[in-house]
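Novice: coordinates for the following, if possible.
(2 chains)
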Amino acid sequence: MTLVAELRAALADDRVRDGRTELALYRHDASAMEGAAVAVCFPVTTAEVQSCVRVARRHGVPFVARGSGTGLAGGAVPPDGAVVISTTKMNRIESVDVASRRAWVEPGVLNLDLSRAVAAHGLHFAPDPSSQQTCSIGGNVANNSGGPHCLAEGVTNAHVLALEVVLPDGNVALLGGADAEPLGYDLRGVFVGSEGMLGIATKVLVRLTPNPPAVCTMLMDFDTVEAGASTVSAVIASGIVPAAMEMMDQLCLRAVEAYVHAGLPVEAAAALLIEVVGLPNGVAADTAAITEIAASHNVRTVRVAADDAERALLWKSRKSAFGAISRIKPNYYLHDTVVPRTRLPEVLNAVYDITRRHDLLVLNVFHAGDGNLHPLLLYDGREPGVLDRVHAAGEEIVRVSVEAGGVLSGEHGIGLEKRDLMPLMFSAVDLAAQEALRAAFDPDGVSNPGKVLPSPARCGDILDGGRVARAVAAGAWI
Amino acid sequence: MTGVRTVTAPTGITRIEPAEMTASCGAGTAVADLDDALREYGQCVAIPTSGSIGGALAVGRSGLRRLGYGPVRDALLQARYVSAAGELVKAGGPTVKNVSGFDLCRLLVGSRGTLGFIGDVILRTRPRARFEQWFRGDVDPDEVLARLYRPTAALWDGISVWVLLEGDPEDVDQQIAPLALTAVDGPPELPAGGRWSIAPGDYRTLRGRFVVELGVGVVHHEGPPPRRDVDPVLRDLHHHLKERFDPTGRLNPGVDVLDG
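Specialist: Purely as a prediction, here's the structure:
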């Protein structure tokens, strides 16, 4: 039997697609890097996922799990000739345990749908990537996704208790567990963030977080980016970890204001959106302390959301940056690096310098509280040669971030995009250890091969300063 | 044992960066020493305050505050460890947020020295609460968990509940007011017969003398923990990992992390 015929026999005719248009749709994720799948499968059970994996193996082709395809680093781009295993039809919330604050969900459940489903119990799923209306829990697991509210709550790894996974050999295993201290190595922990290279999650036991009794959301604006960034460091150093601490620079404020009309401070160099949550007196005390710290850093104005509507408007401003920038330029390339908070002012200045030198517009809207930068390089793809400048500037930004004591990615992952930059952070020995982990799970390299880990030859290229050709990511969210 | 050598990790705090909420130290540093040093900055680490940092990470067991502070595994940001081949390997990264590559730190925490020897680490710190108070009362555990907003610890011995609340003193008072709880000096004495691991929802099935960490599922019991079966697929996976990281079985020989 052919590969597709075997897959159809195992699943159902209409849940295995190999039409030209359908395959074209699954060539890429939210990045613009491309691969070429041979079939796209839509399993509905763990056993069907096992079948997809086993059939692919029998035919000697790799496979890649795919959630909603919102990834920005090319993690779900199919390796050439791969079977795409889409989890979109595995989208049931299987059980919610309100007393223990946890739920078993299938990987295709959308992030925001989960929070909505448990809202009546006063609970939510803490990781809140800006793509949360569209991205799936399985995708969050693969990327160890973050979001504005991960400053206080931690990223996805802190919110996953157990995983049922189909391993690359087709066997099913439970990683982690419902109990407090499962036996053995923390395989749950290494699976989260492994970008589909250790197997496919088919069920996820997530931790749910109680909704806070009190919330205070503030917008503070500053004459300089440095003043805003120093406020962030000073708040953290004072012992307060707000629920979220986001920064927007002037170009971002102006673009968003023209789009959302939220009364944003468009004359300011930068604004901070800060949210404090908890019990009422604690929230009031933290709010007062933060306001005082901001005052000592020459804050211009402090706007406190008077009600839920104003809070929603302020958050809409933060999350609308991507719609807003299309008014400035038709294309953008979004970066994602992390630097120590105290280095934010100098790295932001370096980002402005780099983009100025490459004659590009840059807009910054990012998770300042954890030093997670998201420079957006704006460009018009029709302009000859502009992509080379975008790539060159992007790579410089990544290098500057790592040199400042930072890391390659805070929440988008490595995927294809930053695979060949891994040697900026890791030695050949470090990478060999990561490869050993990968090989223990997938000795034959069939589960989403070619991502995250550079081949040894490429390490040489990048260390020699050689330019590595990379496709452009033109994602939709941060 | 013949041919077995004890290896000691370096000691000492290299750096505390309060504005980054990170601390760097040798794995041989006493947790209590790091805790003292962090106190000056109003911070702490979510690691129980006994023994060394490396030991606590290698064992991976949380303290009584896990409900509020999270598990030990989330405290480790970066580790440099000595591999079976004698090479120095870096795992993770120095920042509080990082998804660059496979996170080998996850593998090290709880691995009891069977995959590598932790040499030095960068840890995530957390703010120390401005106020904390233990309470005790003969109340229903479910009611306590449902009513209190994110207690730092909640314990039950089959009769009494102990809770640890942190934060603003007025908030703590208001939280406690509707419940029949009174302030006490600290948690109860913990039975030391065995450390059990249950799903937190199963605490009512416990018998004998015990103190269970509500919402977490760690049980401090008078008796040894029941045997736990290990799925053969999972055992294979552990075997493959050990083979890849320590092919000649040099690291902490005789220890199998699946033996409980």
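Novice: contacts and neighbour counts: CA atoms only from here.
Specialist: Fine.
Novice: pLDDT at the most centrally placed residue in chain B, what is it?
Specialist: The residue lying closest to the centre of chain B (Cα atoms, centre = their mean) is residue B:62, at 2.2 Å. pLDDT, residue B:62: 96.
Novice: surely it meets residue B:71?
Specialist: Yes. At 5.6 Å, residue B:62 counts as touching residue B:71 under the criterion of Cα atoms under 8 Å.
Novice: between those two, what contacts are shared?
Specialist: Common neighbours of residue B:62 and residue B:71, counting by Cα atoms under 8 Å, 6 or more residues apart in numbering or on different chains, are residue B:46.
Novice: so where's the chain uncertain?
Specialist: By default, I'm working from chain A. A:456-478 (pLDDT under 70).
Novice: not what I meant, chain B
Specialist: Filtered on pLDDT under 70, chain B yields the residue ranges B:1-2.
Novice: what's the domain layout of it?
Specialist: Chain B breaks down by automatic domain parsing into domains covering B:13-128, B:132-221.
Novice: so for residue A:414, which of those sits nearest?
Specialist: domain B:13-128 (6.1 Å; Cα to Cα).
Novice: the closest one near chain A at all?
Specialist: Yes. Against chain A, domain B:13-128 shows contacts by Cα under 8 Å from any Cα of the partner chain at B:18-21, B:41-43, B:61, B:70, B:74, B:87-91, B:93-104, B:106-111, B:126-128.
Novice: list the contacts of the closest residue to chain A within the stretch 101-250 of chain B.
Specialist: Relative to chain A, the nearest point of the stretch 101-250 of chain B is residue B:199 (3.8 Å; Cα to the nearest Cα). Listed by Cα under 8 Å, 6+ apart, the contact set of residue B:199 reads A:178-180, B:216-217.
Novice: excluding chain neighbours, what is closest to it?
Specialist: Distances taken as Cα to Cα, 6 or more residues apart in numbering or on different chains place residue A:179 nearest to residue B:199, at 3.8 Å, with adjacent residues excluded.
Novice: what about that neighbour, which SS state?
Specialist: Following DSSP: H, G, I helix; E, B strand; the rest coil, residue A:179 is assigned to coil.
Novice: now the phi/psi pair for residue A:172, please.
Specialist: Main-chain dihedrals, residue A:172, degrees, to the nearest 10: phi -100, psi 140.
Novice: try residue A:387
Specialist: Torsion angles at residue A:387 (phi, psi; degrees, to the nearest 10) stand at phi -60, psi -30.
Novice: so it is in contact with residue A:381, correct?
Specialist: Yes. Judged on Cα under 8 Å, residue A:387 makes contact with residue A:381 at a distance of 7.0 Å.
Novice: mind listing what the residue nearest to residue B:199 touches?
Specialist: Contacts of residue A:179 (Cα under 8 Å, 6+ apart): B:197-200, B:216-217.
Novice: ok, 10 Å please
Specialist: A:161-162, B:196-202, B:216-218 (Cα atoms under 10 Å, 6 or more residues apart in numbering or on different chains).
Novice: can you tell me how far it is from residue A:205?
Specialist: 11 Å (Cα to Cα, to the nearest Å).
Novice: before we move on, what about residue B:97?
Specialist: The gap separating residue B:97 from residue A:205 is 22 Å, by Cα to Cα.
Novice: same drill for these two, tell me which one is more crowded.
Specialist: Ranked by neighbour count (other Cα atoms under 10 Å in any protein chain shown), residue B:97 and residue A:205 place residue B:97 first, with 25 against 22.
Novice: in space, what's closest to the more buried one - neighbours in sequence excluded?
Specialist: residue A:410 (5.3 Å).
Novice: how far away is the one you found from residue A:374?
Specialist: 9 Å.
Novice: overlap of the contact sets of these two?
Specialist: A:335-338, A:367.
Novice: which ones among these come in contact with chain B?
Specialist: A:337-338 (Cα under 10 Å from any Cα of the partner chain).
Novice: which of the shared contacts of residue A:410 and residue A:374 sits closest to chain B?
Specialist: Nearest member of those to chain B, counting by Cα to the nearest Cα, is residue A:338, at 6.9 Å.
Novice: shouldn't that closest one be in contact with residue A:401?
Specialist: Yes. Contact criterion Cα atoms under 10 Å: residue A:338 and residue A:401 qualify, at 6.7 Å.
Novice: between these two, who's got more neighbours?
Specialist: residue A:338 (30 against 26).
Novice: what's the nearest residue to the more buried one if we skip its chain neighbours?
Specialist: Here the residue nearest residue A:338, using Cα to Cα, 6+ apart, is residue A:372, at 4.3 Å.
Novice: now do residue A:41
Specialist: Distances taken as Cα to Cα, 6+ apart place residue A:16 nearest to residue A:41, at 4.5 Å, with adjacent residues excluded.
Novice: swap in residue A:281?
Specialist: The spatial neighbour of residue A:281 that comes closest, neighbours along the chain excluded (Cα to Cα, 6+ apart), is residue B:171 at 5.8 Å.
Novice: and that neighbour, that one's in a strand?
Specialist: No. Counting by three-state DSSP, residue B:171 falls outside a strand, being helix.
Novice: in the stretch 1-150 of chain A, what residue is nearest chain B?
Specialist: residue A:100 (5.8 Å).
Novice: wait, what's in contact with that residue?
Specialist: Residue A:100 touches A:207-208, B:142, B:145-146, B:199-202, B:214-217, counting by Cα under 10 Å, 6+ apart.
Novice: between these, which has the most around it?
Specialist: residue B:216 leads the contacts of residue A:100 on contacts (other Cα under 10 Å) with 28 neighbours.
Novice: I'd say it and residue B:66 touch.
Specialist: Yes. Using Cα under 10 Å, residue B:216 is in contact with residue B:66, at 7.3 Å.
Novice: which residues are common contacts for the two?
Specialist: Common neighbours of residue B:216 and residue B:66 (Cα under 10 Å, 6+ apart) are B:153-154.
Novice: ok, and what's touching stretch B:203-211?
Specialist: Outside stretch B:203-211, the residues that touch it by Cα under 10 Å, 6+ apart are B:141, B:155-162, B:187-196, B:198, B:212-223.
Novice: mind running it again at 7 Å?
Specialist: With contact meaning Cα atoms under 7 Å, 6 or more residues apart in numbering or on different chains, stretch B:203-211 is reached by B:155-157, B:190-191, B:219-222.
Novice: looking at those residues, which is nearest residue A:86?
Specialist: Once Cα to Cα is applied, the member of those that ends up nearest residue A:86 is residue B:219, at 39.9 Å.
Novice: surely the closest one touches residue B:193?
Specialist: No. At 10.3 Å, residue B:219 does not count as touching residue B:193 under the criterion of Cα atoms under 7 Å.
Novice: ok, the two, which is more surrounded?
Specialist: Using other Cα under 10 Å as the criterion, residue B:219 and residue B:193 rank with residue B:219 on top: 27 against 14.
Novice: partners of the more buried one in the sheet?
Specialist: residue B:196, residue B:212 (DSSP bridges).
Novice: measure stretch A:171-189 end to end?
Specialist: 19 Å.
Novice: please list all residues in contact with residue A:166.
Specialist: Counted by Cα under 7 Å, 6+ apart, residue A:166 has contacts A:50, A:172-173, A:199-202.
Novice: residues near residue 226, how many?
Specialist: Using chain A here. If we define neighbours as other Cα under 10 Å, then residue A:226 has 19 of them.
Novice: switch to chain B, please.
Specialist: By other Cα under 10 Å, neighbour count at residue B:226 equals 11.
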